[in-house]
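Novice: The sequence isn't on hand, but the structure is:
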């Protein structure tokens, strides 16, 4: 007798939100127009705040204000609120009786009160075991225990862990992959970003150093430049952050959706610095279209070279008219280097260095460009050595710089200098890696000279 009574009581409690309006009647529904008017008034106030902070221009604010005011006026045409529901105790009693009786009879007929419950931990384990990504990740972990030198396996394991938001384990997996030779810019960038996620969105000093290493491996890395600008913001250097965002903006085409997001970051940094919001860097010019590339591929060598030189001359003319365009100087230097016009390439890169003298990625990019198709066995170009010295003045611990300055010293019969550079380089490299063996072989060759 007690069970039906308890079931009826439970049914009453569950149905109470439905029965209450029938027992006491409902309050009039709020007018939809009043709600919309409050929303639009808040939007007008937010618009004024954005204008005061410099996030939008007065012209943009005026256009937005007119549209919000138009919608505010239109709220007067909203339909009236629905009529209130009147009290009906009889209907409430009927609803309760029917549903309660049906629930009790259904449970007594279909229920199984003697069936034991399943513990929550067991249900959680069953749910987790049904996740295919977790199954794959567990299988990878077991495989790596058997073969811990599988660099590609560690990389895939780290990516899976990152997808599962297991940042500590993902970071450790990436460290294994990098130590085993996975040092391409994309892998280094993913590892550095995981370090940021691991720290809850903070670009720690270790993550910042990792992003600097990414720029060394790939000077055009957008992810590295973005997070280094974020690091400057978090360190209380908003002007430096603005410079970083502007460099990144200059590499993006006008159609890129990231430009709007970076524009907001620039505005935020300008507000923090207490300065007016600067004009955003000009978008990167579009490259040649597919037809132009196809036509160039089918041309004789002479015509193709003439067309390329014409395009480079056009780029040089645009750059002369806009000498503050950092990315333009970098593209021009790269283009001259591809044409083997070393002096012009070096001049373009020197102009880029003057615009950003503390950015080690610029002289490193110059060195890479000047060493394109450099004949094996010949001395390194003097211009490349000069850029290496500039990079060393900015950051004395760049592996790329240590290797090539040691090589230049060896080529110029300064073995002691070469040995000093390469010993510093070896201290930064994992033991028994291919790169370590290459540096050690170069040092052994110094002794034989």
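Specialist: Right, received. Where do you want to start? A quick note: this is a predicted structure, and the numbers were derived from the prediction, not measured. Numbers count the residues shown, from 1 in each chain.
Novice: domain ranges for this protein?
Specialist: Following automatic domain parsing, one gets these domains for the chain: 2-105, 285-387, 396-449.
Novice: could you point out where the stretch 301-449 of the chain is predicted with low confidence?
Specialist: Low-confidence regions of the stretch 301-449 of the chain, defined by pLDDT under 70, span residues 301, 304, 373, 376-377, 448-449.
Novice: Could I get the full set of helices for it?
Specialist: 301-321, 326-338, 342-355, 361-370, 382-394, 399-411, 415-426, 434-448 (DSSP state H, counting those that start in this stretch).
Novice: Could you dump the ones you listed into a markdown table and include mean neighbour count and distance to residue 218?
Specialist: Every residue, glycine included, has its C-beta placed from N, CA and C. Shown next, in a markdown table, are the helices of the stretch 301-449 of the chain (neighbours: other C-beta atoms under 10 Å; distance: least, C-beta to C-beta, whole Å):
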| stretch | mean neighbour count | distance to residue 218 |
| --- | --- | --- |
| helix 301-321 | 13 | 22 |
| helix 326-338 | 22 | 13 |
| helix 342-355 | 19 | 17 |
| helix 361-370 | 24 | 9 |
| helix 382-394 | 19 | 15 |
| helix 399-411 | 21 | 11 |
| helix 415-426 | 17 | 19 |
| helix 434-448 | 12 | 17 |
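Novice: Quick one: closest of those helices to residue 139.
Specialist: helix 434-448 (28.7 Å; C-beta to C-beta).
Novice: helices or strands up against that closest one?
Specialist: Applying 3 or more C-beta pairs under 8 Å, 6 or more residues apart in numbering; DSSP states H and E, we find helix 434-448 packed against helix 399-411, helix 415-426.
Novice: Residues contacting it, please?
Specialist: Contacting residues not belonging to helix 434-448 are listed as 181, 403, 406-407, 410, 415, 418-419, 422-423, 425-426, 429-430 [C-beta atoms under 8 Å, 6 or more residues apart in numbering].
Novice: Reformat those as TSV; add distance to residue 345.
Specialist: Below are those laid out as TSV (distance: C-beta to C-beta, whole Å):
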residue	distance to residue 345
181	31
403	21
406	24
407	20
410	25
415	30
418	26
419	31
422	28
423	32
425	26
426	32
429	30
430	34
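Novice: farthest pair in those residues?
Specialist: Greatest spatial distance among the contacts of helix 434-448 (C-beta to C-beta): 181 and 415, at 28.5 Å.
Novice: With distance to residue 320 as extra columns, can I get the helices and strands packed on helix 434-448 in JSON lines?
Specialist: Shown next, in JSON lines, are the helices and strands packed on helix 434-448 (distance: least, C-beta to C-beta, whole Å):
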{"stretch": "helix 399-411", "distance to residue 320": "31"}
{"stretch": "helix 415-426", "distance to residue 320": "38"}
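Novice: Compare the ones you listed and give me the one nearest residue 163.
Specialist: The closest of the helices and strands packed on helix 434-448 to residue 163 is helix 399-411. By C-beta to C-beta, the value is 30.2 Å.
Novice: residues making contact with the closest one?
Specialist: With contacts defined as C-beta under 8 Å, 6+ apart, helix 399-411 is touched by 216, 364, 367, 379-380, 384-385, 388-389, 391-392, 395, 415, 417-422, 424-425, 428-429, 439, 442, 445-446.
Novice: go on, stretch 341-352?
Specialist: Applying C-beta under 8 Å, 6+ apart, the contact partners of stretch 341-352 are 319, 323, 326, 329-330, 332-337, 362-363, 365-366, 369-370, 381, 383, 386-387.
Novice: ditto for stretch 197-213
Specialist: The list of residues contacting stretch 197-213 from outside it, by C-beta under 8 Å, 6+ apart, reads 162, 165, 167-168, 170-171, 188-189, 191-192, 195-196, 223-224, 227-228, 230-231, 234, 360, 395.
Novice: What residues of it count as buried?
Specialist: Using 16 or more other C-beta atoms under 10 Å as the burial criterion, the residues of stretch 197-213 that qualify are 198, 203-204, 207-208, 210-213.
Novice: now, the most widely separated pair of these?
Specialist: Top of the distance list for the buried residues of stretch 197-213 (C-beta to C-beta): 198 and 212, 17.8 Å.
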